[in-house]
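1. please find the sequence and the predicted model below.
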Amino acid sequence: MRFTGDTTKLYAILAIVIIVAAGSVAAIVFLQTQGIGEPVIDIEGSEGSTHTLTMNELLSFTSVEAFGSYENSYNNTRGAGTYIGARISDILSLVGGMATDEIITVNATDGYSQMFTYSNVHPNTTEYAIQGDMVLAYSFNGTSIPEFEDGPRIMFLPEDGHFSNADAATVIDSEFSAGAAGPKLVSNVAEIVIASRPEPEPDVLTIKRGSSVVGYSWDDLLVQPSETGMGGYMKSTGTIVGPFQYTGVSIEYLLNQTGVLPAEYTIEVIADDGYTTYYNRTQVNGVFDSYDQSGNPAGVNQFSLILAYHEAGEPLVDGGPLRVATLNENYLSDGHFWAKYVVNITLIDEVEPWYLQLAGVQPWNMTHDEYYSLASCPHHRTGVTYDGVLYEGVPLWTIISSMDGGDDTHYTFNVSLAVSGYNVSIYDELGNCVNFTSAQLAGNASIIIAGWANGVLLDEPDWPLKLATPEGNILGNVICIKMWDWT
């Protein structure tokens, strides 16, 4: 036999013949049905079945021919022309089809990938009117692969000939949205994989504002703009913690994602155990009373208030996976602002600062921050119900323990002084008062100084605090508690 022409091609043919001779019959079938340069598409079923789709097989399916176009990310119309292709639903039948709770992943030769749901492949009447057939197109305006350089290509062919961004937003599951119609139309398809729909990643944080709730998964938080800096705090005992390096997301940034913020507001930061900490707008902006790194008062200074998820580049162990941190290389803040185990941030109306005057063996003024921190602690917080209203706060004896000469830092009640006897008066702003003896209040969790009614911060006329008992000793607008007649 005599050969003429391009010897390079000859050697290539000979090489293929040698490989085929050493290979399987399936390889011979491949050569018979697959033209040089034509695409091969791998189809993978959810049960492990696979099929290699050749161009000849693709052409053998019932074809769909229709005018089509799409809208890109810049709202421009692109790809207008006549497409011919095979329905994706027919192609998937090669591996047993897909179930209603499954998805398909379409991968391109360059690694680009998009996901679609059952309703895209098998649209109902309403969905079909919007998206039309979902096809794998192999011809465009009379040109076929390889002249059709984008083929094989995913296309939606609605009756009006235009797959718009609005159409995509309607029929594409939000979890798999690409932000526009065009990015969903994968070109140069190399693989289609059927799989069970992945379980959505659980939210680790919710931001609430009125009726709006925004959930963030762990991955969602990690892709937000981050801040890294040094931060530390001083406990009420005087113990200094840090400074350590923290990384997280600005809380103000997260709040701004809910829309324009009001001029004045407060945020309620809630831990997974219900512990609640409040921050006003000024504090969200990073303004706090500070201490130098020896623990000495240093006046008001500027910090960055973040929701931290890393300490020294590693996931948080103490107080994590999310906790509030104040970043400043030179100064410390109060420890009760470093809320731990954060799961929810709620934007509420402004909470006006206030303090509770405590006049006893060790008189002092308890600020609203200190009260809310104490009253949010699961160890101290308690509630009583009166007239159908659940009042929650701190037992009166716990507050007395901060001024009775005992261990005020840890709210340890001075039992010996209570046994010797004294009286306590609770006053409202008008001077009205309710009296108790130390014997009545010692260890009595039914006499409380409440800051919440039915789970909501007290409002006028009871704001800021209310004396509540199941028996009806009710006094709102509490501003002062006095001990008197002690030995």
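-> That came through, no problem.
2. so who does the closest residue in space to residue 340 that isn't next to it in sequence touch?
-> Excluding the flanking residues, the one nearest residue 340 by CB to CB, 6 or more residues apart in numbering is residue 319, at 3.3 Å. Any C-beta I mention is one placed from the backbone N, CA and C, and that applies to glycine too. Neighbouring residues of residue 319 by CB atoms under 8 Å, 6 or more residues apart in numbering: 338, 340, 341.
3. let me know the average pLDDT across the helix or strand hosting residue 205.
-> Using DSSP states H and E, residue 205 falls within strand 203-209. Here strand 203-209 scores 93 as its mean pLDDT.
4. that strand packs against which elements?
-> Under the contact definition 3 or more CB pairs under 8 Å, 6 or more residues apart in numbering; DSSP states H and E, strand 203-209 sits against strand 212-217, helix 218-222, helix 251-256, strand 342-348.
5. circling back to that earlier point, out of the contacts of residue 319, which comes closest to residue 403?
-> Within the set of these, residue 338 lies nearest residue 403; the separation is 25.2 Å, counting by CB to CB.
6. what's the local residue count around that closest one?
-> 22 (other CB atoms under 10 Å).
7. what does residue 441 give?
-> Quick note: residue 441 (other CB under 10 Å) scores 20 neighbours.
8. need the contact list for it.
-> Residue 441 neighbours (CB under 8 Å, 6+ apart): 395, 396, 397, 400, 424, 447.
9. in strands, which of the residues you listed fall?
-> Mapping these onto strands (DSSP state E) picks out 395, 424.
10. nearest to residue 315 among the contacts of residue 441?
-> residue 395 (36.6 Å).
11. for the closest one, give the beta-bridge partners.
-> Note on residue 395: beta-bridge partners by DSSP bridges are residue 448.
12. residues contacting it?
-> 380, 382, 441, 444, 445, 447, 448, 449.
13. out of these, which are buried?
-> 380, 382, 441, 447, 448, 449 (16 or more other CB atoms under 10 Å).
14. got the phi and psi for the third one?
-> This points to residue 441. Backbone geometry at residue 441, expressed as degrees, to the nearest 10, gives phi -100, psi -20.
15. where's it relative to residue 480, distance?
-> 16 Å (CB to CB, to the nearest Å).
16. same question for residue 415.
-> Relative to residue 480, residue 415 is positioned 24 Å away (criterion: CB to CB).
17. and what of residue 170?
-> Residue 170 is 61 Å from residue 480, by CB to CB.
18. more neighbours: the two, which one.
-> Just comparing residue 170 and residue 480: by other CB under 10 Å the higher neighbour count belongs to residue 480, 17 against 12.
19. might one say that the more buried one is in contact with residue 360?
-> No. Residue 480 lies out of contact with residue 360 (CB atoms under 8 Å); the separation is 11.1 Å.
20. which of the helices and strands in the chain ranks last by mean pLDDT?
-> Using mean pLDDT, DSSP states H and E, helix 25-33 stands out as the lowest-scoring helix or strand of the chain, at a mean of 31.
21. in its sheet, what does the next helix or strand after it sit against?
-> Downstream of helix 25-33, the first helix or strand assigned by DSSP H and E is strand 41-44. Counting by DSSP bridges, the strands paired with strand 41-44 are strand 50-53 (antiparallel), strand 189-196 (parallel).
22. and strand 41-44, C-alpha only, in CSV?
-> Below are the C-alpha coordinates for strand 41-44, written out as CSV (Å, rounded to 0.1, in the frame of the first residue of the first chain):
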residue,chain,number,x,y,z
ILE,A,41,-19.4,15.4,27.3
ASP,A,42,-19.3,13.3,30.4
ILE,A,43,-22.7,12.7,32.0
GLU,A,44,-22.7,11.4,35.6
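23. ok, residues contacting it?
-> Contacts for strand 41-44 (CB under 8 Å, 6+ apart): 50-53, 58, 91-92, 94-95, 136, 152, 189-194.
24. tell me what the residue most central in space within the chain is bridged to.
-> Computing the C-alpha centroid of the chain and ranking residues by CA atoms, centre = their mean puts residue 216 first, at 0.6 Å. Using DSSP bridges, the beta-bridge partners of residue 216 come out as residue 205.
25. that one reaches residue 222, doesn't it?
-> No. Between residue 216 and residue 222 there is no contact under CB under 8 Å: 9.6 Å.
26. any idea which element the closest residue in space to residue 222 that isn't next to it in sequence lies in?
-> Once flanking residues are discounted, residue 222 sits nearest to residue 309: 7.5 Å by CB to CB, 6+ apart. Assigned by DSSP H and E, residue 309 belongs to strand 304-311.
27. so after that strand, what's the next helix or strand?
-> Moving toward the C-terminus from strand 304-311, the next helix or strand (DSSP H and E) is strand 314-315.
28. that following strand pairs with which strands, parallel or anti?
-> In the sheet, strand 314-315 lines up with strand 304-311 (antiparallel) (DSSP bridges).
29. the strand it pairs with to strand 342-348, inter-axis angle?
-> Inter-element angle recorded for strand 304-311 and strand 342-348: 170 degrees (by axes from the mean of the first three to the mean of the last three CA atoms, to 10 degrees).
30. now what about strand 304-311, what contacts it?
-> For strand 304-311, using CB under 8 Å, 6+ apart, the contacting residues are 205, 221-222, 227, 229, 231, 244-252, 254, 279, 283-286, 315-318, 320-328, 342, 345.
31. about what we covered before: out of the strands paired with strand 41-44, which one sits most buried?
-> Highest mean neighbour count among the strands paired with strand 41-44 (mean count of other CB atoms under 10 Å): strand 189-196, with a mean of 18.
32. the nearest residue to residue 232 once chain neighbours are set aside: what's it in contact with?
-> Distances taken as CB to CB, 6+ apart place residue 242 nearest to residue 232, at 2.6 Å, with adjacent residues excluded. When contacts are counted by CB under 8 Å, 6+ apart, residue 242 touches 230, 231, 232, 233, 332.
33. make it 7 Å
-> Residue 242 makes contact with 231, 232, 233, according to CB atoms under 7 Å, 6 or more residues apart in numbering.
34. that one sits in which helix or strand?
-> If you go by DSSP H and E, residue 242 is part of strand 240-250.
35. who does that strand pair up with?
-> Partners of strand 240-250 in the sheet, by DSSP bridges, are strand 227-234 (antiparallel), strand 304-311 (antiparallel).
36. quick one: mean pLDDT over that strand.
-> Rounded to a whole number, the mean pLDDT of strand 240-250 is 95.
37. report the buried residues of that strand.
-> So strand 240-250, judged by 16+ other CB under 10 Å, has buried residues 240, 242, 243, 246, 247, 248, 249, 250.
38. my read is that the fifth one contacts residue 228, right?
-> It stands for residue 247. Yes. Using CB atoms under 7 Å, residue 247 is in contact with residue 228, at 4.4 Å.
39. highest neighbour count among the contacts of residue 242?
-> The most neighbours of any of the contacts of residue 242, using other CB under 10 Å, belong to residue 231, which has 27 neighbours.
40. does that residue really touch residue 323, like I thought?
-> No. Judged on CB under 7 Å, residue 231 makes no contact with residue 323 at a distance of 10.5 Å.
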